[in-house]
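Colleague: here is the input, now give the coordinates:
(chains A and B, ligands or ions: 2)
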There are 2 protein chains.
Amino acid sequence: MRGPRYNPGMTAVFGHLNPDTDAITAALVYANLLRRQGLDATPYRLGELNFETAFVLREAGVDAPELLTSLPEGSAVALVDHNESAQSLPGLKGLNVTHVVDHHRLGDLETTQPATLRFDPVGCTATILLRLHLEANLPVEPLDARLMLSAVLSDTLHFRSPTTTAADREAVAFLAQVAGVQDVTAYALAMFAAKSDLGDTPASTLLKMDYKVFPFGAQKWGVGVIETTNPAYVFGRQAELLAAMQAEKGVSGLDGLVLSVVDILNETNRTIVTGESEAAVLGEAFAAVTVDHVADLGDRISRKKQIVPTLEAYFAR
Amino acid sequence: MRGPRYNPGMTAVFGHLNPDTDAITAALVYANLLRRQGLDATPYRLGELNFETAFVLREAGVDAPELLTSLPEGSAVALVDHNESAQSLPGLKGLNVTHVVDHHRLGDLETTQPATLRFDPVGCTATILLRLHLEANLPVEPLDARLMLSAVLSDTLHFRSPTTTAADREAVAFLAQVAGVQDVTAYALAMFAAKSDLGDTPASTLLKMDYKVFPFGAQKWGVGVIETTNPAYVFGRQAELLAAMQAEKGVSGLDGLVLSVVDILNETNRTIVTGESEAAVLGEAFAAVTVDHVADLGDRISRKKQIVPTLEAYFAR
Ligand SMILES: [Mn+2]
Ligand SMILES: [Mn+2]
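Modeller: Ligands and ions are numbered 1, 2, ... in the order given. So this is what the prediction gives:
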């Protein structure tokens, strides 16, 4: 961010790399909330929009936030929907983290000064953002309501994910009313259809659409997720995806790389593994059988709640 | 905690080692708030009460929470008024941190699962605890109000500390009313007098009354504070204190050890340094002159806001 619009007094608000709908909308909504509270805050994104998020912004009539690739050392930043440096702007350790709103486990984040941190164990960052509005007695703007509604539906797969809490369900009921979305089920299905319309997207892009790198003990693993209403399409491109995964594993020096293909409507997870070593780990950690590079993880559809904690526990043995 | 009262389903709530008034009262008040919200929470302390805190509890008619020295691995804990492992229960990394309420910078804390974290950059944990009551629409109980009032007065030195925020002042006004404390100034002076009544406390105890260990780059420093309305008494025991400091530095393998004697009423800080190396560091970091093991730090009376950040920046050069 050394373009003409950079303002050294402002706070940059952004979600994680390989942004999903929660990461993008949380940046937009939290930046607006901070501005309404008197802070000079600007939303950014750390990567390209996925098809679902592009659909959400198009339907809402909102422009995507600007792409951010770096900031001068010491810049003030507000993190949403993430807190670990591996999932954030390169050089995060040299930035001044003044705010965080997140629903993931706390990772390697440290702050140089006392900061405003808000973590709640709910299904979506937007559910926390709604609480922040209510606690501050600020009316929720209809556009923000629509963005937050989309995020909760996306992160919870419309309540199918085991990460869903009562607070997320209440948030959806409240936000749908404020946003004027009458048929929430139809809207969620349209979002998921947009997400599943992968068209001629290159395999390397599919892999990185919803992709995070985790330290597991001494190992570094990449864990991608494709949430789709049309898994047959994804497995039709399995050979291409495997080639992209092998390339990524080599280039990024990963110890393991897996790609979970989650069937949103049937709530199943069949995970593509790059090689024998990943198959062996999933076999021991999940008692999963791997056939032709595909491990059957049954109904474990949440990376955050079901995949990553089990792998973490496995490598911590 | 393997005594008869230990309940494996409960959440242990505690403040930092060498507890001050905020650490003790925050454990009591937050445990009560969590209980009112349906959680089985029990307050504990990680060390002996200082004279100020003993006065506060005696005046309030409240028993001190039980001393906690260890917990079984995996136990659920709620941290208040601290987050760094060096200031917490030994073995914190093996415990399950489910809640944190704090107003310090975020240190080396990690959580295994998504947790409830609430950090605000205000002068006292109690100011955040008051917000939690108001946000949850729970009336503040008069006894809790008295404890929180005492904590804000203690942490902000009745608004003399530069860590004081508008929120702390508003909290005191609100809490004094709920607690029925009519003369806040008189109550604060009585608290500070109790704190300054050091009597025949051994020098090794004085050193550890308000004492924290910090990693500064590759070095490990101990930084103690004695806040007193009677600094002459403390300096009258300087030789004893120096001997206790030299012993502690050796026993704990510290690279540096200093003890700030803060004159609460005149808002000055004269810091006892263990040796030449500490004097050299303070000389470079603060341009402080050291005479006879005492460095003049002027009006820098806040360890959190003025002493530790400067030392951190110095060692990060
Ligand atoms: Mn999220
Ligand atoms: Mn405190």
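
Colleague: can you give me the neighbour number for the residue of the stretch 151-300 of chain A at minimum distance from ligand 2?
Modeller: In the stretch 151-300 of chain A, the residue that lies nearest ligand 2 is residue A:167 (28.8 Å; CB to the ion). Where C-beta positions appear, they are placed from N, C-alpha and C, glycine not excepted. Other residues lying near residue A:167 total 18 when counted by other CB atoms under 10 Å in any protein chain shown.

Colleague: same question, residue A:126
Modeller: There are 34 residues near residue A:126, going by other CB under 10 Å.

Colleague: and the helix or strand where it lies, what does it pack onto?
Modeller: Element membership of residue A:126, judged by DSSP states H and E, is helix A:125-135. If you count contacts as 3 or more CB pairs under 8 Å, 6 or more residues apart in numbering or on different chains; DSSP states H and E, helix A:125-135 packs onto helix A:21-36, strand A:96-102, strand A:116-119, helix A:142-155, helix A:166-179, helix B:125-135.

Colleague: which stretch among these comes nearest residue B:309?
Modeller: Among the helices and strands packed on helix A:125-135, strand A:96-102 comes nearest to residue B:309, with 12.0 Å by CB to CB.

Colleague: who does that closest one pair up with?
Modeller: strand A:76-80 (parallel), strand A:116-119 (parallel) (DSSP bridges).

Colleague: so which of those strands is the most surrounded?
Modeller: Highest mean neighbour count among the strands paired with strand A:96-102 (mean count of other CB atoms under 10 Å in any protein chain shown): strand A:76-80, with a mean of 25.

Colleague: is it in proximity to ligand 1?
Modeller: No: applying CB under 5 Å from the ion, one finds strand A:76-80 separated from ligand 1 by no less than 8.6 Å.

Colleague: quick one, phi psi at residue A:253?
Modeller: phi 60, psi 40 (degrees, to the nearest 10).

Colleague: re the thing from before, next, the buried residues of the helix holding residue A:126.
Modeller: For helix A:125-135, a neighbour-count test (16 or more other CB atoms under 10 Å in any protein chain shown) marks A:125, A:126, A:127, A:128, A:129, A:130, A:131, A:132, A:133 as buried.

Colleague: got the contact list for it?
Modeller: Helix A:125-135 has contacts (CB atoms under 8 Å, 6 or more residues apart in numbering or on different chains) with A:15, A:22-23, A:25-26, A:29-30, A:33, A:80-81, A:101-103, A:118-120, A:122, A:139-140, A:144, A:147-149, A:151-152, A:155, A:165, A:167-168, A:171, A:174-175, B:131, B:135.

Colleague: nearest residue to residue A:114 other than its sequence neighbours?
Modeller: residue B:121 (4.0 Å; CB to CB, 6 or more residues apart in numbering or on different chains).

Colleague: show me the strands in the stretch 201-317 of chain A, by range?
Modeller: A:211-216, A:219-228, A:256-263, A:268-273, A:290-291, A:294-296 (DSSP state E, counting those that start in this stretch).

Colleague: sorry, back to before: which of the contacts of helix A:125-135 are buried, as a ChimeraX select command?
Modeller: Selection of buried members from those for ChimeraX, criterion 16+ other CB under 10 Å:
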select /A:15,22,23,25,26,29,30,33,80,81,101,102,103,118,119,120,122,140,144,147,148,149,151,152,155,165,167,168,171,174,175 /B:131
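
Colleague: picking that back up, relative to ligand 1, which of the strands of the stretch 201-317 of chain A is closest?
Modeller: strand A:211-216 (11.2 Å).

Colleague: could you dump the closest one to CSV, C-alpha only?
Modeller: The C-alpha coordinates for strand A:211-216 follow below in CSV (Å, rounded to 0.1, in the frame of the first residue of the first chain):
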residue,chain,number,x,y,z
TYR,A,211,-6.7,-22.5,1.8
LYS,A,212,-4.7,-22.1,5.1
VAL,A,213,-1.2,-23.2,6.2
PHE,A,214,-0.9,-24.5,9.8
PRO,A,215,2.1,-25.4,11.9
PHE,A,216,1.6,-28.9,13.4
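
Colleague: average pLDDT for it?
Modeller: Average pLDDT, strand A:211-216: 93.

Colleague: report the buried residues of that strand.
Modeller: A:211, A:212, A:213, A:214, A:216.

Colleague: mind putting these into CSV with distance to ligand 2?
Modeller: Shown next, in CSV, are these (distance: CB to the ion, whole Å):
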residue, distance to ligand 2
A:211, 40
A:212, 35
A:213, 36
A:214, 33
A:216, 35
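
Colleague: and those residues, which two are the farthest apart?
Modeller: Farthest apart among these by CB to CB are A:211 and A:216. That separation is 15.6 Å.

Colleague: what helix or strand does the nearest residue to residue A:305 once chain neighbours are set aside sit in?
Modeller: Once flanking residues are discounted, residue A:305 sits nearest to residue A:163: 4.9 Å by CB to CB, 6+ apart. Using DSSP H and E, residue A:163 falls within no helix or strand.

Colleague: quick check: pLDDT value at residue A:163.
Modeller: 94.

Colleague: try residue A:5
Modeller: At residue A:5, pLDDT is 53.

Colleague: residue A:294 contacts residue A:271, doesn't it?
Modeller: Yes: assessed by CB atoms under 8 Å, residue A:294 is found in contact with residue A:271 at 7.0 Å.

Colleague: got the residues of the stretch 1-150 of chain A near chain B?
Modeller: Proximity of the stretch 1-150 of chain A to chain B, by CB under 8 Å from any CB of the partner chain, involves residues A:103-122, A:131, A:135.

Colleague: more neighbours: residue A:294 and residue A:271, which one.
Modeller: Taking neighbours as other CB under 10 Å, residue A:294 and residue A:271 compare with residue A:271 leading, 25 against 19.

Colleague: wait, isn't that one in contact with residue A:298?
Modeller: No: between residue A:271 and residue A:298 there is no contact under CB under 8 Å: 10.3 Å.

Colleague: beta partners of residue A:291?
Modeller: With DSSP bridges as the criterion, residue A:291 is bridged to residue A:294.

Colleague: burial check on it, number of neighbours?
Modeller: 9.

Colleague: swap in residue A:315?
Modeller: Neighbours of residue A:315 (other CB under 10 Å): 18.

Colleague: now do the contacts for residue A:141.
Modeller: residue A:32.

Colleague: now do it, the pLDDT please.
Modeller: Residue A:141 is assigned 98 on the pLDDT scale.

Colleague: please name the nearest non-neighbouring residue to the residue in chain A that ligand 1 sits nearest to.
Modeller: With CB to the ion, the shortest gap between chain A and ligand 1 falls at residue A:22, namely 3.4 Å. Counting by CB to CB, 6+ apart, the nearest residue to residue A:22 once its immediate chain neighbours are dropped is residue A:151, at 4.3 Å.

Colleague: same question, residue A:17
Modeller: That would be residue A:46: by CB to CB, 6+ apart, it lies 4.8 Å from residue A:17.

Colleague: contact partners for the one you found?
Modeller: Taking CB under 8 Å, 6+ apart as the contact definition, residue A:46 lies against A:14, A:15, A:16, A:17, A:18, A:19, A:23, A:67, A:68, A:69, A:88, A:89.
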